[in-house]
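Novice: Let's see this in three dimensions:
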Amino acid sequence: MKRLAITFVIGGLLGIGLGFAAGIFVYPYAFLADIVAKETVANAEAKKVVATGKFIHANPSDPIHYGKGSVTVYDDVVHLSSDFEVGPGPKFHVYLVPLDTVTPSTEVTKTMYVDLGRLRAFKGSQNFAIPAGLPLEKYKSVIIWCEHFSVLISPARLEFGT
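Specialist: Residues are numbered from 1 along each chain as shown. Next up is the predicted model:
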């Protein structure tokens, strides 16, 4: 009887733990993956394009953490274009990073990154305000970062206009 009770408690705890872990990973795929953002940049024609870039799949051997699409940096906003897409996951943020090259092994949290905010969708165009007075020329990349697990999802190296 005692063995049965111990087995029941251990099984229950494992079930709760595995269920919670599965929920963290399944929730974004089941409920958020089909949302497509469609934000536009107000007065885009009148704004100066500071830099552009393309998101890349940082680690091709990792099928879960990927990104693609283009990004445009204006003097006051970072705009992810309509072709933007990342694999779903929890708590993805857009960071400006002062590094030219960002890889999965880069210790992003030890750099002077700027968190522009949380992704609102895994696909489509989105805008992120840039803090006033930020010297954009010091930030060489825009990245998508998973804050929950401290994982690089996708980097975009910026090409600055003249």
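Novice: rest of the way, CA atoms for contacts and neighbours
Specialist: Fine.
Novice: helix or strand right after the helix or strand where Tyr95 lies?
Specialist: Under the criterion of DSSP states H and E, Tyr95 resides in strand 92-97. Per DSSP H and E, the first helix or strand lying C-terminal to strand 92-97 is strand 114-118.
Novice: Can you tell me what sits against the next helix or strand after that next one?
Specialist: For strand 114-118, the succeeding helix or strand toward the C-terminus, using DSSP H and E, is strand 123-129. Contact with strand 123-129 is made by 33-41, 76-86, 94, 116-117, 119-120, as judged by C-alpha atoms under 8 Å, 6 or more residues apart in numbering.
Novice: cool, stretch 5-25 as well?
Specialist: Counting by C-alpha under 8 Å, 6+ apart, 89-90 sit against stretch 5-25.
Novice: Could I get the average pLDDT for that stretch?
Specialist: Averaging pLDDT along stretch 5-25 yields 76.
Novice: next one: stretch 104-122
Specialist: On average, stretch 104-122 scores 95.
Novice: Now do that stretch: distance to the chain's middle.
Specialist: Relative to the centre of its chain, stretch 104-122 is centred 7 Å away, using C-alpha atoms, centre = their mean, to the nearest Å.
Novice: Also stretch 115-135?
Specialist: With C-alpha atoms, centre = their mean as the basis, the mean position of stretch 115-135 lies at 10 Å from the chain mean.
Novice: Packing partners of the strand holding Tyr95?
Specialist: For strand 92-97, the contact count by 3 or more C-alpha pairs under 8 Å, 6 or more residues apart in numbering; DSSP states H and E identifies strand 114-118, strand 141-146 as packing neighbours.
Novice: Alright, calling it a day.
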